[in-house]
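Chemist: Structure, please.
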Amino acid sequence: RAGELAAVRVRLEEFASEVFAPLVRRDWLEKGQLYLRGLLLDGRRKSMQPMAERLGVDHQRLQQFMTSSTWPVQEVRAGLAWRAVRAVRPQVWVVDDTGFPKDGTASPGVARQYSGTLGKVGNCQIGVSVHAASDTASCPLSWRLFLPAAWDEPEAAARRAACRIPDTEHHRPKWQLALEMLDELSGIGLRPAVLVAD
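Modeler: Next comes the predicted model:
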């Protein structure tokens, strides 16, 4: 059993090194590997504090890395998209949206809106994604958080500031988010044979 765990740990470290290869600073690489390990560990909640507790580190390390570091996010995402296409060997790309139920109002983009996940209108965030899919696998190539129009209202200014939503980010229809992702993926040389959307 210990040998199996050691082998898994080595594979995880190799995967993390590949994913975060564009990170030239050692502290970025260490924090990126920690964050990835936190996502892959057992545990229902994948927010910063529960992950940090499972990892035995201060959650501020992970929070700072994800919210205010200037590491090259686009390069990491491009590498992940290429890796996903090689692994899935997609027959089709799927554009979809997913609801993430929320209890409060502090999370970015949360609002009362329709969620297919809930099957009704509820308090949630909505993520729009482009997935590579085959008969046996599916993996997101890109994703965006949908920002409801209410988040552009003057009353939402304090919530936007608390969530660190840039002044350049505003409500855009889901179809527009999908087109932006498709353009971004095309820009790194990935194009679908077939594209489907609901």
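Chemist: Who are the packing partners of the longest strand belonging to the chain?
Modeler: Longest strand in the chain by number of residues (criterion: DSSP state E): strand 120-133. Counting contacts by 3 or more C-beta pairs under 8 Å, 6 or more residues apart in numbering; DSSP states H and E, strand 120-133 is packed against helix 73-88, strand 92-101, strand 111-115, strand 138-146, helix 174-187. C-beta here means a position set from N, CA and C on the backbone, and glycine is covered the same way.
Chemist: List the pairing partners of it within its sheet, with orientation.
Modeler: strand 92-101 (antiparallel), strand 111-115 (antiparallel), strand 138-146 (antiparallel) (DSSP bridges).
Chemist: Which among the ones you listed is found nearest to residue 166?
Modeler: strand 138-146 (12.1 Å; C-beta to C-beta).
Chemist: quick one: that closest one to helix 73-88, angle?
Modeler: If you take axes from the mean of the first three to the mean of the last three C-alpha atoms, to 10 degrees, strand 138-146 sits at 150 degrees to helix 73-88.
Chemist: Flag every buried residue along strand 138-146.
Modeler: 139-146 (16 or more other C-beta atoms under 10 Å).
Chemist: ok, residues contacting that strand?
Modeler: The contact list for strand 138-146 (C-beta atoms under 8 Å, 6 or more residues apart in numbering) reads 77, 81, 84-85, 87-88, 93-94, 97, 108-109, 125-132, 174, 177, 180-181, 184-185, 190.
Chemist: Try it again at 6 Å.
Modeler: For strand 138-146, contacts defined as C-beta atoms under 6 Å, 6 or more residues apart in numbering pick out 81, 84, 88, 109, 126-132, 174, 177, 181, 185.
Chemist: Next: stretch 65-73.
Modeler: So stretch 65-73 is contacted by 22-23, 28, 31 (C-beta under 6 Å, 6+ apart).
Chemist: Show me which of the residues you listed is closest to residue 197.
Modeler: Nearest to residue 197 among these: residue 22, at 30.1 Å, using C-beta to C-beta.
Chemist: Give me the neighbour count for the spatially closest residue to that closest one that is not a sequence neighbour.
Modeler: Distances taken as C-beta to C-beta, 6 or more residues apart in numbering place residue 75 nearest to residue 22, at 3.8 Å, with adjacent residues excluded. The local packing of residue 75 (other C-beta atoms under 10 Å) involves 14 other residues.
Chemist: any idea how far residue 75 is from residue 92?
Modeler: Spatial separation of residue 75 from residue 92 under the definition C-beta to C-beta, to the nearest Å is 26 Å.
Chemist: do the same with residue 30
Modeler: 37 Å.
Chemist: Go through the protein and flag its longest helix.
Modeler: Counting residues, the longest helix found in the chain (DSSP state H) is helix 2-19.
Chemist: who does the residue nearest the centre of the chain bridge with?
Modeler: What sits nearest the mean C-alpha location of the chain, by C-alpha atoms, centre = their mean, is residue 143, with 6.3 Å. Beta bridges link residue 143 to residue 129, judged by DSSP bridges.
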